[in-house]
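A.B. asks: sequence and computational prediction follow.
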Amino acid sequence: MLDQVRVPLRFRPFAVVLSGEGLSMIGDGAFGVALAWLVLQETGSVVALASVMLAQAIPRGLLMLFGGAITDRLSPRTVMLWTHVVRGVAVATVGILTWVGSVQMWQLYSLAVVAGVAAAFFGPASESVLPFLLPAEHLPRGNALQGAAEQGAMIAGPMLGGLLTAWLGPAVAIELNALTFFVAAVTVRAAPRGEATHQEALSVSVVLKDIGEGLRVARRSHEVRIVLLIVSASTLSYSGLFAVGLPTLARSFSTNAIALGTLISAWGVGQLLGTISAAITGLPRRWGLLIIGMTVVEATAFALLGISPNALTASTILVVVGFGVAYSSDVALPTFIQTRTPRQFLGRTSSLIGLPRVALEPVSIALLGVMLAHSVSWGFAVAAIPMLLVGLRLCLDPQARNLRTDPPDTESEWYLPQRP
């Protein structure tokens, strides 16, 4: 059984790239703690911290479709390599300024903008690279191993960042992140270069044409529309729930932060177990039935969370849901996209599917914040509505029920750009 889990690691490009990206994710987690502490240390303002986060989020959202188009034109390897280098240089510069005590807020805002721009390109590239590293039959377990690495980094990174910041200062944690970017830039070179599929010289007009082509392709694909519906609903439900819902629920259980830490840790445990299980068992080919069933489970769980009598009950629910989401979505969704989408459209498809996460997150947080101010139980019930509606809608859709994670027998017509 464990031999099956390790099969993707026998492919050297995958193992090397995963090791570098895993290290970089740990650095990102450490950097997040150090940056937040540094901003609060310099300004004492939560508003300043929020504005730095916003300076990163805005360019990421605005440029994500460009990132997908550039990825398809150049290759995931090239885009990942250069975004690692750019972020490494920017983070190292801020780390040095912090070390010598001359860092200023405008420099932190500049870093946030650079990080946001780089993330707009890195995101689609990193989500598109796996089919270049593994055969299609190993993508489910490859995604599961990658998901396990992400979960491990989410645990280790912030913890390491907190310790380094407390003992040695934020500059050390910041420079550690810069170092991991440079290491990842080296390891990603193990990925195949990919073949150029475009003969035209790169220009703004050409990239805009590529984006338009990708949007037309997605519009003709019922599968992509289904995935967009699922991602939009999950963003509306989850973003507000984790940003303001769980803290509010935890405060109803206890006046200290232990309850909140318990709830978040419970979710993390469920996610880790889910990704490990997917790596061991593989994924069912009939992914549609799995994801539809899971949307109904999630909606029910959210409603139950709002009326949970204590942190133990809520934590149990979060472990179960975290397990199911990791298995059905965090592993299966990227596998579905990677196996059902031709390589020349992977970057654009990934960026389009990621767009609702950026656009709808503030909407979710604002709406749930208003509801929770009136009632915790009703707030969580409202968070359940998007998932419930989408689950019921997809139950009535035969194509949604028949969604599969195995590659199509033939290239579907929607993959092909319409001729003038």
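C.D. replies: Looks like it came in fine. Residues are numbered from 1 along each chain as shown.
A.B. asks: show me which residues of the top helix by length along the chain are buried.
C.D. replies: Across the chain, the longest stretch assigned as helix under DSSP state H is helix 12-43. Within helix 12-43, the residues that count as buried by 16 or more other C-beta atoms under 10 Å are 13-39. Using the backbone N, CA and C atoms, a C-beta is placed for each residue, glycine as well.
A.B. asks: same check, this time on stretch 81-101
C.D. replies: 81-84, 86-88, 90-95, 97-98.
A.B. asks: of those, which belong to helices?
C.D. replies: 81-84, 86-88, 90-95, 97-98.
A.B. asks: what is the longest helix of the chain packed up against?
C.D. replies: helix 46-74, helix 76-100, helix 105-128, helix 130-133, helix 139-168, helix 170-187 (3 or more C-beta pairs under 8 Å, 6 or more residues apart in numbering; DSSP states H and E).
A.B. asks: closest to Ile211 out of those?
C.D. replies: For those, the distance to Ile211 is smallest for helix 46-74, at 4.9 Å, taking C-beta to C-beta.
A.B. asks: how distant is that closest one from the center of its chain?
C.D. replies: Distance, stretch centre to chain centre, for helix 46-74: 13 Å (C-alpha atoms, centre = their mean, to the nearest Å).
A.B. asks: begin at 33, not 1, for the rest of this chat.
C.D. replies: With 33 as the first residue, the last one maps to helix 78-106.
A.B. asks: one step back: just tell me which of the helices and strands packed on helix 44-75 ends up closest to Gly325.
C.D. replies: Across those, Gly325 has its closest neighbour in helix 171-200 (18.0 Å, C-beta to C-beta).
A.B. asks: could you give the mean pLDDT of the closest one?
C.D. replies: The pLDDT scores in helix 171-200 average 86.
A.B. asks: do the same with stretch 369-386
C.D. replies: On average, stretch 369-386 scores 82.
A.B. asks: follow-up on the earlier one: which one of the buried residues of stretch 113-133 is nearest Pro163?
C.D. replies: Leu113 (17.6 Å).
A.B. asks: the closest one reaches Arg221, doesn't it?
C.D. replies: Yes. The criterion here is C-beta atoms under 8 Å, and Leu113 meets it with Arg221 at 6.6 Å.
A.B. asks: next, give phi and psi for Leu315.
C.D. replies: Listed backbone geometry of Leu315 is phi -110, psi 150, with angles given as degrees, to the nearest 10.
A.B. asks: mind listing what's buried in stretch 85-100?
C.D. replies: 85, 87-89, 91-93, 95-100.
A.B. asks: what mean pLDDT does it get?
C.D. replies: The average of the pLDDT scores along stretch 85-100 is 86.
A.B. asks: got the contact list for that stretch?
C.D. replies: 111, 141, 144-145, 147-149, 151-157, 239, 243, 246, 379-384, 386-387, 390-391 (C-beta atoms under 8 Å, 6 or more residues apart in numbering).
A.B. asks: restricting to C-alpha, output that stretch in PDB.
C.D. replies: Extracted C-alpha coordinates of stretch 85-100, given in PDB (Å, rounded to 0.1, in the frame of the first residue of the first chain):
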ATOM      1  CA  MET A  85      -2.600  42.200   2.300                       C
ATOM      2  CA  LEU A  86      -4.900  44.200   0.000                       C
ATOM      3  CA  ALA A  87      -1.800  45.500  -2.000                       C
ATOM      4  CA  GLN A  88      -1.000  41.900  -2.600                       C
ATOM      5  CA  ALA A  89      -4.500  40.700  -3.400                       C
ATOM      6  CA  ILE A  90      -5.400  43.300  -6.000                       C
ATOM      7  CA  PRO A  91      -2.700  42.800  -8.600                       C
ATOM      8  CA  ARG A  92      -3.100  39.000  -8.200                       C
ATOM      9  CA  GLY A  93      -6.700  39.200  -9.100                       C
ATOM     10  CA  LEU A  94      -6.200  41.700 -11.900                       C
ATOM     11  CA  LEU A  95      -3.400  39.800 -13.600                       C
ATOM     12  CA  MET A  96      -4.400  36.100 -13.000                       C
ATOM     13  CA  LEU A  97      -5.800  35.600 -16.500                       C
ATOM     14  CA  PHE A  98      -2.600  37.100 -17.900                       C
ATOM     15  CA  GLY A  99      -0.600  34.700 -15.800                       C
ATOM     16  CA  GLY A 100      -2.500  31.700 -17.300                       C
END
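A.B. asks: noted, bye for now.
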